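# Structure for this input, please:
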Amino acid sequence: MIAALRQRNFALLWLGGFISMTGDMVLYVALPYHVYQLTGSALSTGLMFIVENIPRVLLGSVAGVFVDRWNRKQIMIVASIIQGLCILFLLLAKSIEWLWIVYLVSFVESVIARFFYPAQNALLPNLVSEKNLFAANSLNAINDNVSMLTGSAIGAVLFRVWGLTGIVFLDCASFFVAAIMIAFIAWSPNQTQHEPFRVEIAETTKASTAAWKSVWREWLEGLRLIRSNQMIVALFVSVGIACLGGPILEVLLVPYVSILKGGVLVLGWLLIVRGMGGLLGGFLTGKMSGKLNPILTLSLALGGTGLLGLIMYNVPSLYVALACLFLIGVVIVLGDVSYLTLFQTNIIDQFRGRVFGAMGTTFGLLNIIGQITASILGDHVGIIPILNMSGILYILSGLVAFLMITKAISNKQRAA
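Coordinates of the predicted model:
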């Protein structure tokens, strides 16, 4: 992992991501709790997560086309600045009458993020050598969880002391700092020398083709590439099942805290502990990057997440919840790094933006389905039964991952 951090461009991307994500985690703790305080409704809280995912469905794949056509570094800088400005409108959301601003800001910020994240994931392989790619993804996983660890603690405390106002200003500043860090990355598109490639399923887009027709053709090329690659299909299906289960806990975590008879500080502790587990998982993946089998690791991580979730949901104890979330944090990182590395190593550079965009669209749609299910049934059926559904879906995704990916590899070997 140290070798990856010694590469200046990746170090700047990593540090900028850490600062931005820490600010996001501060808001992640405070904003759902703020909405739940105002409304007392799982549906109102879940609606915030739902509107965040709508742009993933509408724009994910199309945004990936532009990521492959535009300067990825510039996309990330502009996106960070716009997101920082957008966050400031949350200062108006102080009462239930102004709650609609929360939903509007969540939607707009998600639209911008649809360009940022495919650009980040597509740019990463150009900033590190292939032998350091797994380690770089592990460092990003550590990044995510250190951000969760620090952001959750800061968010819980600041919300008690300053309320939503202090949270908004801190998150806004984090976006601007991240934009500055990314601006210092010494990279431009002409540094990446693409080898000539041929796409059998569509003709290469000609320079004279109208802009939107060109975008449409490139998007279709990306989708057809996904369908023709059994490994990518297997990853889409297996991780997609998990994407139905994950949002259920995301939506119902605040109501679940009320079952534990806790408040915003308990919510903060749960997220901190999950971040600690994720931090350990990131270090483990980095240390064992050459020894882990990504396929087996992904399958066990998905299944283990579901099993730990079932234990946590059905034993109503804060200590059990803390222990389970710590372990969930560990295994989720192992799974995330595994599937991200499998994606990156099975897609040629020219299509990474489109495939990651299509991934965002697919997973966004499944997230919305899970969030709607949790939001509606959580208020009517009950919190625990719906959370159990999340655990079962994760276990199923682990089984599907192992079976489908193993079959895809076997078929590839026979074809060779």
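
# wait, doesn't G370 sit right on L244?
Yes: counting by C-beta atoms under 8 Å, L244 is a contact partner of G370 at 4.5 Å. Every C-beta, even on glycine, is put in place using the N, C-alpha and C of the backbone.

# Neighbour count: the two, which is higher?
G370 (28 against 22; other C-beta atoms under 10 Å).

# so where does the more buried one fall, helix or strand?
According to DSSP states H and E, G370 maps onto helix 349-380.

# which strands and helices sit next to that helix?
With contacts taken as 3 or more C-beta pairs under 8 Å, 6 or more residues apart in numbering; DSSP states H and E, helix 349-380 sits against helix 42-69, helix 100-127, helix 211-228, helix 230-259, helix 318-345, helix 383-415.

# Indicate which one of those helices is closest to L280.
helix 318-345 (5.4 Å; C-beta to C-beta).

# what angle separates that closest one from helix 230-259?
160 degrees (axes from the mean of the first three to the mean of the last three C-alpha atoms, to 10 degrees).

# Report the buried residues of helix 318-345.
321-344 (16 or more other C-beta atoms under 10 Å).

# Please apply the same query to stretch 82-93.
So stretch 82-93, judged by 16+ other C-beta under 10 Å, has buried residues I82, Q83, G84, C86, I87, F89, L90, A93.

# same check, this time on stretch 367-383
So, applying 16+ other C-beta under 10 Å, buried residues of stretch 367-383: N367, I368, G370, Q371, I372, T373, A374, S375, L377, G378, D379, I383.

# What residues does the first one make contact with?
If you count contacts by C-beta atoms under 8 Å, 6 or more residues apart in numbering, N367 has them with F49, N53, R56, C243, L244, G246, P247.

# let's see 7 Å
N53, C243, P247 (C-beta atoms under 7 Å, 6 or more residues apart in numbering).

# quick one: least confident of those?
Lowest pLDDT among the contacts of N367: N53, with 76.

# got the angle between the helix holding G370 and helix 100-127?
Going by the same axes, to 10 degrees, helix 349-380 makes 150 degrees with helix 100-127.

# quick one: average confidence on helix 349-380?
Mean pLDDT, helix 349-380: 79.

# just how off-centre is it within its chain?
With C-alpha atoms, centre = their mean, to the nearest Å as the basis, helix 349-380 stands 10 Å off its chain's centre.

# do stretch 288-304 as well
With C-alpha atoms, centre = their mean, you get 18 Å for stretch 288-304.

# Repeat that for stretch 333-348.
Put simply, stretch 333-348 sits 13 Å off its chain's centre (C-alpha atoms, centre = their mean).

# Identify all contacting residues around it.
Here stretch 333-348 has contacts from 125, 133-134, 137-138, 141, 145, 197, 229, 231-232, 235, 239, 278, 281-282, 284-285, 294, 297-298, 301-302, 355, using C-beta under 7 Å, 6+ apart.

# can you do 8 Å?
Under C-beta under 8 Å, 6+ apart, the answer for stretch 333-348 is 121, 124-125, 133-134, 137-138, 141-142, 144-145, 197, 225, 229, 231-232, 235, 239, 277-278, 281-282, 284-285, 292, 294-295, 297-298, 300-302, 305, 352, 355-356, 359, 405.

# Same question for stretch 31-51.
Under C-beta under 8 Å, 6+ apart, the answer for stretch 31-51 is 90, 93, 95-96, 99, 102-103, 106-107, 110, 159, 164, 167, 247, 250-255, 264, 267, 367-368, 371-372, 374-376, 378-379, 383.
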